[in-house]
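K.L.:
Predicted model and sequence follow; I will ask about them next.
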Amino acid sequence: MNQSIMEYQISYYGGSSSSHTNNLQPMLSLSSQRSLASIPSLNNNSQSHDPHHHCLTILKGHNSYISSLTFSDKILFTGSSDREIKSWNPIPYYSELDLQNKNAGSISSTINTVLAGKGAVKSLVFQSDKLFSAHQDHKIRVWKISSINDEPEHQKYTRLATLPTLGDRALKMLIPKNHVQIRRHKKCTWVHHVDTVSALALSKDGGTLLYSVSWDKTIKIWRTSDFTCLESVNNAHDDAINAVVVSYDGRVYTGSADNTIKVWEKCQGEKKHSLIDTLEKHNSGINALALSSDESLLYSGACDRSILVWEKVEDERKMVVVGALRGHKKSILCLCVVSDLVCSGSADKTIRIWRGFGREYSCLVVLEGHMGPIKCLTAIVDHSNSSESEASFLVYSGSLDCDIRVWQIFVPAV
């Protein structure tokens, strides 16, 4: 079995694309390979502070593994491997009575559920009153989220579009140069993804642009006002693309099963994005990317068990690796950043919370309780329980055990 197939399986972790085998044995050997010995560790093991933390509740309701999470102002959205999208009235919006009366530490009620497409819901992003969902069936779906009197329990889904839209496809189909070869005897227009859409990201200007990446090795850019596909970067990587993040200055970072992270930018006056940097330090497929709050740092998680920390070189259009965060025993599957904390989820069934001071990082806490690999994470500041001396955070984790756990973590304020 070749390396490309192994990386597909680890990224999907238990699912399968139609063109790939489902033999999971290579995962075990790759997950246990040595972490990047040539890159210095940023771990500061001298800090003994163990922040107060606990699992507030377990959200139950999905019957298959949780593949995506996102948070709006008042609603948690989750996607699963069996095409379900659920919305929840999340902590801290449950009442104290709800939490006191929950059975065995779990809440099983959801606000709403919709089914869409085939296979897993791979990514969810929220913008204003719209939810964008990426699917294993090669499509992106757009949902309008409406609520009555702003009450989350009354909110409803209305599907606005499936991307690429019929109008966009028809318009592009008329011009021969818009057709691209996807298989030996098959062509389609360049607006189509032809494999699993693995991740989505919105531009930081209010979400006027949507970026999608796919196992078909392409990046596509969509205008969110009318859902038109504006650009496709074909063969952006040599293998499946698993992750994408976008910065305020418009740079696009993509992570792939080809072991590389690529940085893209549309220069002033240019019509299309161009490659400005390729980051090559990981020795296995990249599953997750996250930018620090001030966007001076990029974090990347891979099957080599390491989280690499990349720093922008001042006045230059490139980034350099400054070190690695080590501690997970298996592949890093997801990352998120909230304030000055970095949260990482792994195939080892744990979540680690990291905090950096300069180039020294401490693992503040290891969250244990899930019975399966951690596939997705999101986190928010819990203002209602924060004080001048202590900050409170809520971390939401989705796992192959089909549960969503809600963790509360208190850390010293800075």
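P.N.:
Structure's in. What do you need? Residues are numbered from 1 along each chain as shown.
K.L.:
other SSEs contacting the helix or strand V342 falls within?
P.N.:
Using DSSP states H and E, V342 sits in strand 341-346. Contacts defined by 3 or more C-beta pairs under 8 Å, 6 or more residues apart in numbering; DSSP states H and E place strand 341-346 against strand 332-338, strand 351-357, strand 374-381, strand 390-399. Every residue, glycine included, has its C-beta placed from N, CA and C.
K.L.:
Direction included, what does that strand pair against?
P.N.:
Strand pairing for strand 341-346, determined by DSSP bridges: strand 332-338 (antiparallel), strand 351-357 (antiparallel).
K.L.:
Can you give me the buried ones in the first one?
P.N.:
Burial within strand 332-338, assessed by neighbour count using 16 or more other C-beta atoms under 10 Å, is assigned to 332-338.
K.L.:
between these, which is nearest K86?
P.N.:
Checking those against K86 by C-beta to C-beta gives C334 as the nearest, at 18.3 Å.
K.L.:
and the residue lying closest to the closest one once chain neighbours are set aside, what is it in contact with?
P.N.:
In space, and not counting its chain neighbours, C334 is closest to G345: 4.2 Å by C-beta to C-beta, 6 or more residues apart in numbering. Neighbour list for G345: 332-335, 351, 373-377, 397 [criterion: C-beta atoms under 8 Å, 6 or more residues apart in numbering].
K.L.:
Mind doing that once more with 6 Å?
P.N.:
333-334, 351, 374, 377 (C-beta atoms under 6 Å, 6 or more residues apart in numbering).
K.L.:
mind giving me TSV with the helices and strands packed on strand 341-346 and columns for distance to R169 and mean pLDDT?
P.N.:
Converted to TSV, these look like this (distance: least, C-beta to C-beta, whole Å; pLDDT from 0 to 100):
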stretch	distance to R169	mean pLDDT
strand 332-338	32	98
strand 351-357	41	94
strand 374-381	30	96
strand 390-399	32	95
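K.L.:
Which of these sits closest to H237?
P.N.:
strand 332-338 (18.3 Å).
K.L.:
Export the closest one to PDB, keeping only CA atoms.
P.N.:
Extracted in PDB, the C-alpha atoms of strand 332-338 (Å, rounded to 0.1, in the frame of the first residue of the first chain):
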ATOM      1  CA  ILE A 332      -2.600  15.100  15.500                       C
ATOM      2  CA  LEU A 333      -6.000  15.200  13.900                       C
ATOM      3  CA  CYS A 334      -7.300  18.700  14.800                       C
ATOM      4  CA  LEU A 335      -6.200  22.100  16.200                       C
ATOM      5  CA  CYS A 336      -7.900  25.300  17.300                       C
ATOM      6  CA  VAL A 337      -6.700  28.500  18.900                       C
ATOM      7  CA  VAL A 338      -8.600  30.600  21.500                       C
END
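K.L.:
got the angle for that strand vs strand 374-381?
P.N.:
If you take axes from the mean of the first three to the mean of the last three C-alpha atoms, to 10 degrees, strand 332-338 sits at 10 degrees to strand 374-381.
K.L.:
what does strand 332-338 rub up against?
P.N.:
Under C-beta under 6 Å, 6+ apart, the answer for strand 332-338 is 287-288, 290, 292, 299, 301, 307, 343-347, 375-379, 393.
K.L.:
before we move on, what about stretch 158-175?
P.N.:
Contacts for stretch 158-175 (C-beta under 6 Å, 6+ apart): 139-144, 178, 189, 191-192, 227-229.
K.L.:
swap in stretch 132-145?
P.N.:
116-125, 129-131, 155, 157-163, 193, 196-197, 200, 210, 212.
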